[in-house]
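K.L.:
what follows is a predicted structure for the sequence shown.
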Amino acid sequence: MQYLRSKFIFILIMSVILLVLTALLWQRYTSEVEQYSELQQTLMQQQATQTAKEIRTQVNFFRNQMSAISLDKSWLSDLFHFQNLVTIQESMRNRLKLYFPAMYAFSIASETGEHIGGDVELFIGDVCQADITHVASMFTPEVPYFDYQPYIHSKDGAYHFDVMIPILVDGKKLVFFMSFKANILSRILKDHVISEHLSFLVRKDYPDLIEVTSEHVRDTLKRPFKLTEKELKKVGASALVEHARWKVVVLENQAIMKSFEQERRLDFALLFSVLFVFWLTVLWLGLHHETRRSHLVSKLNHQTMHDALTGVANRRKLSQEMLFALDDARFQKQYSALLYMDLNGFKSINDELGHDKGDDLLQQFAIRLKGLTRHHDVVARLGGDEFVVLLKGLGSGQEDVEGALTEALHRFEVGLSDDYALEGVQESVVCIPSIGSVVIDDKNLDIDDLLKLADKAMYRVKNKHKKDLQKS
């Protein structure tokens with residue numbers, strides 16, 4: 001029982017250790033996934049912020065350069081002759097190209113949107129006219145302020161965005177604006193990709209409308225012009241572009257997270273497998289050690305409670321069992337009996353044939369005793385050729401006990417009367433025991449008293465046996 005308890009405790013402790021280590025590994029896995037997710041979130045936000053900042057810088061650069069040029073009176077002196085002086089117009093275009101290599105077209109318009117001069121290829125539509133009027137209305141000589149916010153103008157084959165500034169020439173409000181190919185914005189998005197997440201430039205007022213991507217302008221997109229509901233849910237970061245109708249959104253590339261999670265799960269599985277194999281090894285070694293220790297303890301317990309020669313109980317084990325029998329008699333009224341016996345003529349056999357033959361006889365005698373007893377009876381050797389048999393639970397009444405005891409004495413006398421065949425001895429050996437008995441009842445007796453009574457009863461039988469032999 002003690003062995004099973006210690007084994008159960010050991011398995012329980014090892015199970016707790018396995019659970020704790022598994023929890024630590026899982027915490028490590030979840031922590032790494034969370035940290036990686038936070039890192040990707042930071043990268044997406046940096047990507048959105050830096051891209052928006054660069055677009056704003058580019059637009060402001062165009063605006064500031066245009067403002068600086070507009071203050072130069074030399075090229076505006078013949079402004080109102082543009083529509084007639086083609087050479088001046090061409091000269092202005094070449095000069096502006098030096099300052100703005102990315103320029104698609106330029107133009108000067110009145111505050112009502114009327115085209116005064118510039119690229120003849122430029123077509124000023126209703127949208128452009130509305131923007132021109134708006135810019136001109138914001139500008140007064142007293143308050144030189146403007147806040148035109150660029151956005152993509154749809155023109156087949158040349159999607160572009162305009163940068164407009166109001167200027168004052170000879171007291172007249174004019175609008176100076178340049179158009180730039182939208183692929184400039186695509187290059188900015190592409191140059192500022194710092195992770196594998198996709199960047200989109202969308203409208204502030206239409207958040208799902210794509211202006212440009214890192215590869216395409218809206219007119220060359222190989223996908224729908226608007227972000228899908230699924231894509232909108234995957235927006236991981238965004239940043240507004242100041243002084244423009246744009247904002248940069250970055251869509252989370254979930255394949256990156258899935259790939260990382262798969263790697264971490266594989267790492268977790270490998271570590272857990274190594275840990276589990278190590279745990280099983282320790283568990284097996286522990287159980288093996290516990291089994292060996294238990295067997296050793298059981299062996300030591302058996303040795304302390306049993307006779308080394310015959311394997312039956314010794315005096316200590318007999319005393320323990322007699323205490324239980326006394327308790328049964330006192331409290332349960334279940335009576336037992338004690339048979340005290342020694343072997344007549346054993347000393348002469350031991351002296352004549354040798355101690356090894358005597359030991360062989362004692363072992364055979366012990367085997368016969370165990371064969372004549374019930375499973376709950378106790379066979380013990382006190383030393384030499386003295387044996388005791390504790391017959392437990394014979395009954396609760398005097399007649400029942402005496403009847404059972406008489407039957408047992410007869411059984412033992414018959415079963416122990418046969419001769420013994422000893423190895424190396426030609427003739428069989430006769431060695432009949434003398435048996436004395438005493439009943440263990442509810443009288444106030446202790447172990448020593450009971451053994452003495454049984455010993456005296458045995459000597460009475462032995463003396464009677466001697467007298468019978470002398471008469472014969």
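P.N.:
On my side now, so go ahead.
K.L.:
just checking, what packs against whatever helix or strand residue 278 lives in?
P.N.:
According to DSSP states H and E, residue 278 maps onto helix 254-305. When contacts are defined as 3 or more C-beta pairs under 8 Å, 6 or more residues apart in numbering; DSSP states H and E, helix 254-305 packs onto helix 2-70, helix 315-327. Heads up, the C-betas are built off the backbone N, CA and C, glycines and all.
K.L.:
what's the most buried one of those?
P.N.:
Across the helices and strands packed on helix 254-305, averaging neighbours per residue (mean count of other C-beta atoms under 10 Å) puts helix 315-327 on top, at a mean of 17.
K.L.:
domain assignment for the protein?
P.N.:
Here the domain parsing of the chain from automatic domain parsing is 39-254, 306-471.
K.L.:
could you verify my assumption that residue 26 touches residue 268?
P.N.:
Yes. Judged on C-beta atoms under 8 Å, residue 26 makes contact with residue 268 at a distance of 7.1 Å.
K.L.:
just give me the lowest mean pLDDT stretch among the domains of the chain.
P.N.:
Of all those, domain 39-254 carries the lowest average pLDDT, namely a mean of 81.
K.L.:
going along the chain, name the strands of the protein.
P.N.:
Ranges of strands in the chain, per DSSP state E, are 103-110, 115-118, 152-153, 160-169, 172-181, 198-203, 210-213, 235-240, 246-251, 335-343, 378-383, 386-395, 433-440.
K.L.:
nearest to residue 415, out of the ones you listed?
P.N.:
The closest of the strands of the chain to residue 415 is strand 433-440. By C-beta to C-beta, the value is 10.5 Å.
K.L.:
can you report phi and psi for the residue nearest to residue 421 when sequence neighbours are not counted?
P.N.:
Leaving aside its chain neighbours, residue 421 sits nearest to residue 428 (5.5 Å; criterion: C-beta to C-beta, 6 or more residues apart in numbering). Main-chain torsions, residue 428, degrees, to the nearest 10: phi -70, psi 160.
K.L.:
which residues does residue 428 contact?
P.N.:
Residue 428 makes contact with 419, 420, 421, according to C-beta atoms under 8 Å, 6 or more residues apart in numbering.
K.L.:
tell me how many other residues surround the last one.
P.N.:
Right, the one you point to is residue 421. By other C-beta atoms under 10 Å, 13 other residues sit near residue 421.
K.L.:
cool, the first one as well?
P.N.:
Residue 419 is surrounded by 11 other residues when neighbours are defined as other C-beta under 10 Å.
K.L.:
in helices, which of the contacts of residue 428 fall?
P.N.:
Among those, DSSP state H puts none in helices.
K.L.:
now the residues you listed in TSV, with distance to residue 173?
P.N.:
Below are the contacts of residue 428 laid out as TSV (distance: C-beta to C-beta, whole Å):
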residue	distance to residue 173
419	145
420	141
421	140
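K.L.:
which one of those sits closest to residue 349?
P.N.:
Closest approach between those and residue 349, by C-beta to C-beta: residue 420, at 9.0 Å.
K.L.:
wait, the closest one touches residue 429, no?
P.N.:
Yes. Judged on C-beta under 8 Å, residue 420 makes contact with residue 429 at a distance of 4.6 Å.
K.L.:
overlap in contacts, these two.
P.N.:
With C-beta under 8 Å, 6+ apart, residue 420 and residue 429 have common neighbours residue 361.
K.L.:
quickly note the distance from residue 424 to residue 357.
P.N.:
7 Å (C-beta to C-beta, to the nearest Å).
K.L.:
mind checking which of these two has more residues around it?
P.N.:
residue 357 (18 against 9).
K.L.:
list the contacts for that one?
P.N.:
Taking C-beta under 8 Å, 6+ apart as the criterion, residue 357 is in contact with 349, 350, 422, 423, 424, 425.
K.L.:
what about the third one, how many residues nearby?
P.N.:
Translated: residue 422. Residue 422: 19 surrounding residues under other C-beta under 10 Å.
K.L.:
residue 360 is in contact with that one, correct?
P.N.:
Yes. Counting by C-beta under 8 Å, residue 422 does reach residue 360; the two are 5.3 Å apart.
K.L.:
rewinding a little: inside helices: which ones of the contacts of residue 357?
P.N.:
Members of the contacts of residue 357 lying in helices (criterion: DSSP H): 349, 350.
K.L.:
turn the contacts of residue 357 into CSV, including distance to residue 339.
P.N.:
As requested, the contacts of residue 357 are exported to CSV (distance: C-beta to C-beta, whole Å):
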residue, distance to residue 339
349, 22
350, 22
422, 24
423, 28
424, 31
425, 28
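K.L.:
out of the contacts of residue 357, who's nearest residue 306?
P.N.:
Minimum distance to residue 306 across these is 21.8 Å, recorded for residue 350 (C-beta to C-beta).
K.L.:
which ones are touching that closest one?
P.N.:
With C-beta under 8 Å, 6+ apart, residue 350 has these contacts: 357, 358.
K.L.:
how close does it get to residue 326?
P.N.:
Looking at residue 350 against residue 326, where the rule is C-beta to C-beta, the gap reads 34 Å.
K.L.:
now do residue 342
P.N.:
Residue 342 sits 24 Å away from residue 326, going by C-beta to C-beta.
K.L.:
again with residue 280
P.N.:
Look at residue 280 and residue 326: by C-beta to C-beta, they are 50 Å apart.
K.L.:
one step back: out of the strands of the chain, which gets nearest to residue 298?
P.N.:
Evaluated with C-beta to C-beta, the strands of the chain place strand 378-383 nearest to residue 298, the distance being 18.4 Å.
K.L.:
buried set for stretch 298-306?
P.N.:
305, 306 (16 or more other C-beta atoms under 10 Å).
K.L.:
same check, this time on stretch 98-108
P.N.:
By neighbour count on 16+ other C-beta under 10 Å, the buried set for stretch 98-108 is 100, 103, 104, 105, 106, 107, 108.
K.L.:
closest one of those to residue 312?
P.N.:
Residue 312 has its nearest neighbour among the buried residues of stretch 98-108 in residue 104, at 114.1 Å by C-beta to C-beta.
K.L.:
enumerate every residue touching the closest one.
P.N.:
Listed by C-beta under 8 Å, 6+ apart, the contact partners of residue 104 are 158, 160, 178, 179, 180, 181.
K.L.:
beta partners of the closest residue to it other than its chain neighbours?
P.N.:
Closest residue to residue 104 apart from its sequence neighbours, by C-beta to C-beta, 6+ apart: residue 179 at 4.5 Å. Applying DSSP bridges to residue 179 gives these bridge partners: residue 105, residue 162.
K.L.:
now do the contacts for residue 179.
P.N.:
So residue 179 contacts 103, 104, 105, 106, 107, 122, 153, 160, 161, 162 (C-beta under 8 Å, 6+ apart).
K.L.:
one more pass at 7 Å, please.
P.N.:
Going by C-beta atoms under 7 Å, 6 or more residues apart in numbering, residue 179 touches 104, 105, 122, 160, 162.
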